[in-house]
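Student: Sequence and predicted structure, then a few things I'm wondering about:
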Amino acid sequence: MKDAFGTPQSLLILGGTSEIALATARRLVARRTRTVWLAGRPSPALEAAAEQLRDLGADARTVAFDALDSESHEETLGKVFTEGDIDMVLLAFGVLGDQERDEDEPLSAVRVAQTNYTGAVSSGLVCANALKRQGHGSLVVLSSVAGERARRANFIYGSSKAGLDAFAQGLGDALHGSGVHVMVVRPGFVRSKMTAGMKEAPLATTPEAVAEAIEAGLRRRAETVWVPGALRLVMSALRHVPRPVFRKLPV
Amino acid sequence: MSADTVSVTGWGRTAPTTARLVRPRSYEEVADAVRACGARGGIARGLGRAYGDAAQNAGGSVLDMTSLDRIRAIDAEAGVVVCDAGVSLHRLMEVLLPLGWFVPVTPGTRYVTVGGAIGADIHGKNHHVSGSFSRHVAALDLLTADGTVHTVKRGEPLFDATAGGMGLTGVILSATVELLPVQTSLMSVDTERATDLDDLMARLTATDHRYRYSVAWIDLLARGAAMGRSVLTRGDHAPLDALPVRARRAPLTFRPGQLPAAPAFVPEGLLGKATVGLFNELWYRKAPRARRGELQKISTFFHPLDGVPHWNRIYGRSGFVQYQFVLGYGKEEALRRIVGRISQRGCPSFLAVLKRFGDGDPGWLSFPMPGWTLALDIPATMPGLGSFLDELDEEVAAADGRIYLAKDSRLRPELLGAMYPRLGQFRALREELDPRGVFTSDLSRRLSL
């Protein structure tokens, strides 16, 4: 069960090697979290992440999960929920793709969309239904500012996150009153291995800062969290910039 | 029997979960509801005054017991009442005071049920004299997981597991409660100020035995030399001859006043350090340095907050946390340290009280033990509060103290065994009585009770 501050005792991470997710797990394990499930494609990195959490005192287990294989989500994730209540699900998987290449290779663009959106729809619904049966729990969805307004430079990734963001908002409204809390997290540019070598955007942040914002959001039972918080203002301004101007902005 | 799926929280309004709320109106309907509980079990709920998650059950059933509100029998000679578990202490006072009887123990609110009072084994300002509520319960009827009703008498193991057992041994259906005779419905109250924590402890230690009721409001924001400054209010039921002549004609009237309810929406952070600091300053200054024999209404003396319905809303939608611990006599150093840390940290608490407990109570999970108990409330949004209270828990556990489960919403489960040495016994009895875990609450899940 979550405590008065929304800190979970058990955590399921979809995308178990995500740096943001692991920073969040480390932070929550230091507080109350004892059981952590890392769902992801079997890999040494996934096992290493579990090992690292075990060193911090958590009972960390891995489960084979492929975002692209929607058919399997019901079975693989359903099994996790039969082992005991899950207080928080962190939907953290996602790929950035390579915008230039993806524009030339539609099939690789589709992979980005399928991972970030379709995979999240199926696994998100499976988890939401399981949480609903429990009558409690938080579903935390890692969206992105890139989904707030599609940019020339990364609209394939951005549009997949826009779909995910809209899906998560709607799901949150559908689950209102069911005891399940859905929180959409919109980080800006996060310095991580996913963005290594890329040019940093203004208001760049770190996985640790996102983790801290997630913990604070759980405490407030927030529905939307921007990281850093100033992005909320920046994006609400950018949203209203006319297309001809927005196109030319160096963002 | 009506049933709705609703979001449920405790009085602190933190950690809401959703459950099927059923409202049984008879003992048979309670048995039906327990049978129909399903895999996620059920838990009885009274008036929802437990601060944390004791009367919540995510995904399962919550049995609203307040429709079982019949007073079955009153023995006005011996001072004994037999009533359903859903009867509130408020109702008992309305009925019993005109007959010259008072409830044996009342907490800071009248709006608790008899079932809840036993389940949490509540205490009041008279603990140092009278012990906890369950000490005055001669017998109770308990519906256990197998669907049978047991009449459990004081002193039996099942009674001691149920007193303070947070509803996890079964559903209390009715109870036989022994009452306190009173001549009037007024209180004779002595008020005095203490300038700091040491002064307060000295005053309480020296003269508490002279009073049936004793408590001190403590200003936890005061720092330095004023740390722990407080207002002591102690007293007893006023005898008839203490009343002015005119009042003696109707000495037992019970008319608690009521103010308008707190609004449904209150902005977050209304109760910060500045507002609470100002309140505490005024509250301390307003109190007389020493006043003897002031006549006060029962509601003024025992239940000032009941005057504002839904006062728990003033903390905004994020709610608040109550923190109450007890430290044994001889652990005054640890108490000083904890009060010092709270005051250093600047926890904006305006409802903090310190009290001396008498002997411990027989309930296996009963909270009181001989020593000092401090209760305070803190807005849940205060940054870093979770880890701060964890640190205080460590101090409390290291000094062989404990945390009150009826108020808890955040304790680290690993510490529970050290705080409640009879926990193993409790778990074993529950394993035997309720192997499928029919009686389950968010509290029992969180702490693996």
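Tutor: Now that the structure is in, tell me what you want to look at.

Student: Please name the nearest non-neighbouring residue to B:Leu47.
Tutor: For B:Leu47, ignoring the flanking residues on the chain, the nearest one in space by Cβ to Cβ, 6 or more residues apart in numbering or on different chains is B:Tyr111 at 4.9 Å. For the C-beta atoms, the positions are set from N, CA and C on the backbone; glycine is no exception.

Student: tell me the contacts of that neighbour?
Tutor: Counting by Cβ atoms under 8 Å, 6 or more residues apart in numbering or on different chains, B:Tyr111 touches B:47, B:49, B:88-90, B:306.

Student: how near is the residue nearest to B:Ser444 when sequence neighbours are not counted to A:Gln9?
Tutor: Setting aside the residues directly before and after it, B:Ser444 is nearest to B:Leu168 in space (Cβ to Cβ, 6+ apart), at 5.6 Å. Applying Cβ to Cβ, to the nearest Å, the value for B:Leu168 to A:Gln9 is 18 Å.

Student: And B:Gly108, by the same measure?
Tutor: For B:Gly108, the distance to A:Gln9 equals 30 Å [Cβ to Cβ].

Student: Comparing the two, which residue is more hemmed in?
Tutor: When B:Gly108 and A:Gln9 are compared for neighbours, A:Gln9 comes out ahead with 22 against 18, by other Cβ atoms under 10 Å in any protein chain shown.

Student: Can you check the pLDDT for the more buried one?
Tutor: You'll see A:Gln9 listed with a pLDDT of 98.

Student: Does it touch A:Arg32 like I think?
Tutor: Yes - taking Cβ atoms under 8 Å as the definition, A:Gln9 is a contact partner of A:Arg32 at 5.5 Å.

Student: can you list the residues of chain A near chain B?
Tutor: In this structure, chain A approaches chain B at residues A:1-7, A:9, A:31-32, A:85, A:133-136, A:177-180, A:219-221, judged by Cβ under 8 Å from any Cβ of the partner chain.

Student: So which of those residues are in strands?
Tutor: Counting by DSSP state E, these place A:Val180 in strands.

Student: about what we covered before: overlap in contacts of A:Gln9 and A:Arg32?
Tutor: Going by Cβ under 8 Å, 6+ apart, residues that sit against A:Gln9 and also against A:Arg32 are A:Asp3.

Student: So which residues of the stretch 51-200 of chain B form strands?
Tutor: Along the stretch 51-200 of chain B, counting by DSSP state E, counting those that start in this stretch, strands occupy B:61-64, B:71-75, B:80-84, B:101-102, B:137-143, B:149-153, B:171-178, B:180-181, B:186-194.

Student: could you say what helices and strands the host helix or strand of A:Ser138 packs with?
Tutor: For A:Ser138, the host element (DSSP states H and E) is strand A:137-142. Judged by 3 or more Cβ pairs under 8 Å, 6 or more residues apart in numbering or on different chains; DSSP states H and E, strand A:137-142 is in contact with strand A:88-91, helix A:119-134, helix A:155-174, strand A:180-187, helix A:207-220.

Student: That one - what's its average pLDDT?
Tutor: 98.

Student: Using CSV, write down the CA coordinates of it.
Tutor: Written as CSV, here are the backbone C-alpha positions of strand A:137-142 (Å, rounded to 0.1, in the frame of the first residue of the first chain):
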residue,chain,number,x,y,z
GLY,A,137,-2.4,2.4,-7.2
SER,A,138,-0.7,4.9,-9.4
LEU,A,139,0.1,4.6,-13.1
VAL,A,140,2.9,7.0,-13.9
VAL,A,141,3.4,7.6,-17.6
LEU,A,142,6.6,9.1,-19.0
